[in-house]
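Asker: got a sequence here, can you build the structure:
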Amino acid sequence: MTHFDLIVIGSGPAGEKGAAQAAYFGKRVALVERRDILGGARIHNCALPSKALRETASRRGDPGDAPLSELLCRREPLVSSEVARVTDNLRRHGVTVLYGHARFTGAHSVDVGGRAYTADVFLIATGSKPVRPSEIPFDHPRVDDTDTFLRVQQIPRSLVVAGGGVIGCELASMLARLGVEVTLIDRSDRLLRFADADVSRTLADSFRADGIRLRLGEHVSGVRPDDDGVTVELGASTALRADRALFCVGRAGNTASLGVDAAGVLLGDRGLVPVDDRYRTAVPHIYAAGDVVGFPGLASTSMEQARLAMCDAFDLRYKTRVSPILPLGIYTIPEFSMVGETEQSARRAGIDCEVGRAWYRDNPRGQLLGDAAGLLKLVFCRETRRLLGAHIVGERAADLIHIASANMQHGAAIDAFIDAVYNYPTLSELYKYAAYDGLGRL
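Answerer: Residues are numbered from 1 along each chain as shown. Prediction:
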């Protein structure tokens, strides 16, 4: 069979779930994967490998002489399980898997390994790759982007990380816990510019306590690698010396070799694919979802984007929108997670808001976990007390945030946290005391 109702390009979170969604409703679906194994970067390059490293680092384990690749290989049972799950999910839904590189040859056709396939609908779910500024000498073995760094054999004694965004902060915090001397540089005056200011400061304080040297409000002006290390220049008067340099300066869409111009699809900055609120490209029967469309670039949101796109493509009433309440989890040490408005964004929007805070150091479970610096912050409307956002930095933040998400989904006021009963001792109690703090401020 060479004609399908849908051809999906990419088997990451968006590709897998988009293909399964259409196939569930009886559509003939093919999925193209350029690797010889399914799962995408989430399984093989990014999410699971780095989280395996985090688990080792968060326990302050001594890696000894273990190579970095070995620490990442501790993920193998989980990776194998995830690959098997993706493979079985596509098989159960009757999705045809085509291995090879896909390239558009027209608005309704692609070439895969020299064979032509056609479809009524396409879903581009090819993910992203690290941005490589031309002035950075990535051809030198001591200069890395995030993909090449995860293939490094020996853990460096010292490391300069350029970029205080999500990936830069995650890797910097993990490696510092493994004993690496880390310097983190970012142009912004604070970490994770999109985060609530209180949370950003708390995270920065935790980084400094772990020995990370923060150079905020500065930028890299030059990089000079040699056989013994790397010199990273900050302006004309400052030079940092380290074993390696890691550049985490954004992501670009994996679209360069897709031949999308043959299909009439337009690309935006960094090779990302512009889409509308139903994830349609400039060509109405060609959709895109996941990292390839840009922010937020999370597995959780990618899945929902693809499901919605396929419901729209085939006029299914199963799903009509992606929830506007999207939790964001960042696996730094300590974890950071947020949902909804920050205090700063709410005030910029003209909302008369108030906040409530609760600290891990005042919570029995937080004390048992040894997390004295953790913070849970609520943002709510003064008039209605409706919850507008929640921000957590501390152990298990990415799990705790869903309590706030569920309450926001139903338009709850912060009184709901006071009325609720939480197991004792748990971190969930933080919500109750942050709500008390917020009401006290009223």
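Asker: let me see the domain layout of this protein.
Answerer: 3-129+251-313, 143-247, 334-441 (automatic domain parsing).
Asker: Throw those into CSV and include distance to E135, thanks.
Answerer: (Each C-beta comes from the backbone N, C-alpha and C, glycine too.) Formatted as CSV, those follow (distance: least, CB to CB, whole Å):
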stretch, distance to E135
domain 3-129+251-313, 16
domain 143-247, 8
domain 334-441, 30
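Asker: reformat those into TSV and put mean neighbour count next to each item.
Answerer: What follows is these, written out as TSV (neighbours: other CB atoms under 10 Å):
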stretch	mean neighbour count
domain 3-129+251-313	20
domain 143-247	19
domain 334-441	19
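Asker: between those, which gets the lowest average pLDDT?
Answerer: For the domains of the chain, mean pLDDT drops lowest on domain 3-129+251-313, to a mean of 88.
Asker: where along this structure do the helices fall?
Answerer: Here the chain has its helices, by DSSP state H, at 13-24, 40-44, 47-58, 68-73, 76-92, 146-149, 166-177, 197-209, 299-313, 343-348, 364-368, 397-409, 415-419, 429-441.
Asker: nearest to L326, out of the domains of the chain?
Answerer: domain 3-129+251-313 (5.6 Å; CB to CB).
Asker: got the CA coordinates for the longest strand seen in the chain in CSV?
Answerer: Counting residues, the longest strand in the chain under DSSP state E turns out to be strand 115-124. Extracted in CSV, the C-alpha atoms of strand 115-124 (Å, rounded to 0.1, in the frame of the first residue of the first chain):
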residue,chain,number,x,y,z
ARG,A,115,9.8,4.9,-2.8
ALA,A,116,6.9,7.2,-3.3
TYR,A,117,4.0,7.4,-0.9
THR,A,118,0.9,9.7,-1.0
ALA,A,119,-1.6,10.8,1.6
ASP,A,120,-4.6,13.0,2.1
VAL,A,121,-3.2,14.5,5.3
PHE,A,122,0.4,14.9,6.7
LEU,A,123,1.6,15.5,10.2
ILE,A,124,5.2,16.9,10.6
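Asker: pull up the pairing partners for that strand, direction included.
Answerer: Sheet pairing for strand 115-124, assigned by DSSP bridges, gives strand 3-9 (parallel), strand 109-112 (antiparallel), strand 286-288 (parallel).
Asker: which residues touch D186?
Answerer: Neighbouring residues of D186 by CB atoms under 8 Å, 6 or more residues apart in numbering: 162-165, 168, 215-218.
Asker: could the residues you listed go into TSV alongside distance to S237?
Answerer: Below are those laid out as TSV (distance: CB to CB, whole Å):
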residue	distance to S237
A162	18
G163	22
G164	21
G165	26
G168	24
R215	13
L216	17
G217	15
E218	11
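Asker: hang on, the earlier thing: could I get the strands paired with strand 115-124 as JSON lines with distance to L387?
Answerer: Listed next are those as JSON lines, based on distance: least, CB to CB, whole Å:
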{"stretch": "strand 3-9", "distance to L387": "37"}
{"stretch": "strand 109-112", "distance to L387": "46"}
{"stretch": "strand 286-288", "distance to L387": "32"}
